[in-house]
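> Have a look; sequence and predicted model below, questions after that.
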Amino acid sequence: MPTLSLSVLADENIPLASEAFGSLGTVQTLPGRAIERADLMDIDALFVRSVTTVGPELLSGTPVRFVGSATIGTDHIDQEWLQNEGIAFAHAPASNADSVADYVVAIALHLALKTDTSLADRTAGIIGCGNTGSRVAARLRALGANVLQNDPPLAEEADKRGEDHPYVSLDHVLEKANLISLHTPLTTHGPHPTHHLFNGDRIGQLQKETWLINTSRGAVIDNQALSSCLRAPRANVTATALDVWENEPTPDAELLRHVDLSTPHVAGYAFDGKVRGTSMLYHAFCEFLDIEPAWSPDAALAPARLGALRLSPPDARLPRTEYLDALARQACDVAADHHRLQKVLDVPPDERGAYFSRLRKTYPKRREMQMHSVSKDAVPEAYHEFVRDGLQITLVDDVR
Ligand SMILES: NC(=O)C1=CN([C@@H]2O[C@H](COP(=O)(O)OP(=O)(O)OC[C@H]3O[C@@H](n4cnc5c(N)ncnc54)[C@H](O)[C@@H]3O)[C@@H](O)[C@H]2O)C=CC1
Ligand SMILES: O=C(O)C(=O)[C@H](O)COP(=O)(O)O
């Protein structure tokens, strides 16, 4: 296909952006936080990630006619303004939902091991049951947890259709659950806003010994209220795992110090999910231009690499939680991510934002659990279902 004469600007952290969009025109890249209006004066299409706020301040008076965000979340995009201006928009729903689900499962196993408890003794409350939350719910259920689901918008839609649904109220979750995982978008308007959904009152209502996990957006939890709760002498929250923070890239240092697993907004960073995001934007842009897609990410995700993703089976005598944690950790090491972020507390405050962003940019290549395999014969049969359905690691027959 001949190269079109379009000008494209992409966040430098969108993998394979030059490969994908290069066939459509010239591609420049910049750090997402550095993209300014002045950079867009001869740009036809802008591709961003979550760190670039897109609205009138960035785009008015520019020739940009298409905006893509290689993310699930869209709270950084003023979609209403784009629509009013006739600027097309696409994002990447579900692209990295498996990556986040892998991450939450790895966190849950890590916390189970650390607290010497079992997921089978947990009642998990999943807040927001779309692409990500529903995956997390299915996996935690497969790992033995009792799962409660809360999603008022989905509950209302089902009610309107007169259908039964599994969704319970947030109050019910707060009363029953001792593992809470947040998977809502960040919203400030509408009937079910999520900004500070977990405020001081709700945090105070959590059951004793609750684990609170947030991989959605930082401001879904009131970070100051959580910080106060964690520092209280008899906190009801015994373990917290935060991947997202208010005021990224400079989270509150006190909160950071008191969190059991702290990571720099990388739950969705499995390579497969990021590349899926690029591919979804490429397809949406081709549709906008009314041309046939010519680029495919298949080579980058080549199954030939699967051999390198064979996991070492842990000692078959290990108890279930230790066994599953040992397997999951080979694919997704949340403790290592935590230790890397905790080091930010050793750097001067005015350098912490750059440190946080650097951790994200240099995040080690992680593949989705489903891309990894382990020999079926090496895994005790009693654990097959947990490995396959809970971790989503592929069990393979060995070729003899
Ligand atoms: N940490 C990370 O790296 C990543 C974070 N995310 C975040 O996770 C969020 C969720 O992702 P998906 O599940 O894929 O989105 P989704 O749009 O498929 O699902 C979101 C669900 O939340 C529900 N919801 C909305 N308001 C609610 C409320 N007040 N209470 C309970 N439920 C509510 C919606 O009805 C919907 O079912 C994204 O919007 C994004 O902000 C997404 C990917 C990666
Ligand atoms: O997809 C989303 O939504 C996310 O939160 C992204 O995974 C976050 O990555 P960046 O866009 O901030 O690089």
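Okay, I see it. Numbers count the residues shown, from 1 in each chain. Ligands and ions are numbered 1, 2, ... in the order given.
> Which residue comes closest to residue 171 once chain neighbours are left out?
Residue nearest to residue 171 in three dimensions, not counting chain neighbours: residue 205, with 8.0 Å by Cβ to Cβ, 6 or more residues apart in numbering. Yep, even glycine has a C-beta here, placed from its N, CA and C like the rest.
> in terms of contact, does that neighbour touch residue 174 like I think?
Yes. Using Cβ atoms under 8 Å, residue 205 is in contact with residue 174, at 4.5 Å.
> Settle it for me: which of these two has more neighbours?
Neighbours were counted for residue 205 and for residue 174 using other Cβ atoms under 10 Å; residue 174 has more, 21 against 15.
> For the stretch 1-150 of the chain, which segments count as strands?
Remark: strands assigned in the stretch 1-150 of the chain by DSSP state E, counting those that start in this stretch are 6-11, 25-30, 45-48, 66-69, 88-90, 123-127, 146-150.
> among the ones you listed, which is nearest residue 357?
strand 6-11 (11.8 Å; Cβ to Cβ).
> Tell me how this structure divides into domains.
6-91, 97-262 (automatic domain parsing).
> got any ranges where the stretch 301-400 of the chain has weak pLDDT?
For the stretch 301-400 of the chain, the stretches with pLDDT under 70 are 303-307, 399-400.
> again, only using 90
Counting by pLDDT under 90, the ranges of the stretch 301-400 of the chain that qualify are 301-309, 398-400.
> repeat for the stretch 151-300 of the chain
Along the stretch 151-300 of the chain, the parts satisfying pLDDT under 90 run over 233-235, 237, 299-300.
> And the helices in it, which stretches?
Applying DSSP state H, counting those that start in this stretch to the stretch 151-300 of the chain gives helices spanning 152-160, 170-176, 200-205, 223-231, 253-258, 271-289.
> after the longest one comes which helix or strand?
Using DSSP states H and E, the helix or strand that directly follows helix 271-289 along the chain is helix 320-331.
> So which bits of that following helix are buried?
Under the neighbour-count criterion of 16 or more other Cβ atoms under 10 Å, helix 320-331 has 320-321, 323-331 buried.
> ok, now stretch 202-210?
Those would be 202-203, 206-207, 210, for stretch 202-210 by 16+ other Cβ under 10 Å.
> Including distance to residue 221, could those residues go into JSON lines?
Below are these laid out as JSON lines (distance: Cβ to Cβ, whole Å):
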{"residue": "202", "distance to residue 221": "9"}
{"residue": "203", "distance to residue 221": "8"}
{"residue": "206", "distance to residue 221": "11"}
{"residue": "207", "distance to residue 221": "16"}
{"residue": "210", "distance to residue 221": "13"}
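> can you tell me how far the closest residue to ligand 1 within the chain sits from residue 245?
Residue nearest to ligand 1 within the chain: residue 130 (1.8 Å; Cβ to the nearest ligand atom). Distance of residue 130 to residue 245, computed by Cβ to Cβ, to the nearest Å: 22 Å.
> Also residue 7?
Between residue 7 and residue 245 the computed distance is 34 Å (Cβ to Cβ).
> ok, these two, which is more surrounded?
residue 245 (24 against 19).
> surely that one meets residue 259?
No. Judged on Cβ under 8 Å, residue 245 makes no contact with residue 259 at a distance of 9.4 Å.
> and the stretch 101-250 of the chain, which residues reach ligand 1?
Contact residues, the stretch 101-250 of the chain versus ligand 1 (Cβ under 6 Å from any ligand atom): 127-133, 150-154, 183-186, 192, 194, 197, 215-217, 243-244.
> First-to-last residue distance for stretch 73-88?
Stretch 73-88 has an end-to-end distance of 17 Å (criterion: Cα to Cα, to the nearest Å).
> That one: how far from the chain's middle?
Remark: stretch 73-88 is offset 22 Å from the chain centroid, using Cα atoms, centre = their mean, to the nearest Å.
> With distance to residue 276 as added columns, please give the buried residues of helix 320-331 in JSON lines.
Below are those laid out as JSON lines (distance: Cβ to Cβ, whole Å):
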{"residue": "320", "distance to residue 276": "31"}
{"residue": "321", "distance to residue 276": "30"}
{"residue": "323", "distance to residue 276": "30"}
{"residue": "324", "distance to residue 276": "26"}
{"residue": "325", "distance to residue 276": "27"}
{"residue": "326", "distance to residue 276": "28"}
{"residue": "327", "distance to residue 276": "24"}
{"residue": "328", "distance to residue 276": "21"}
{"residue": "329", "distance to residue 276": "24"}
{"residue": "330", "distance to residue 276": "22"}
{"residue": "331", "distance to residue 276": "17"}
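> which pair in those residues spans the largest distance?
320 and 331 (17.5 Å).
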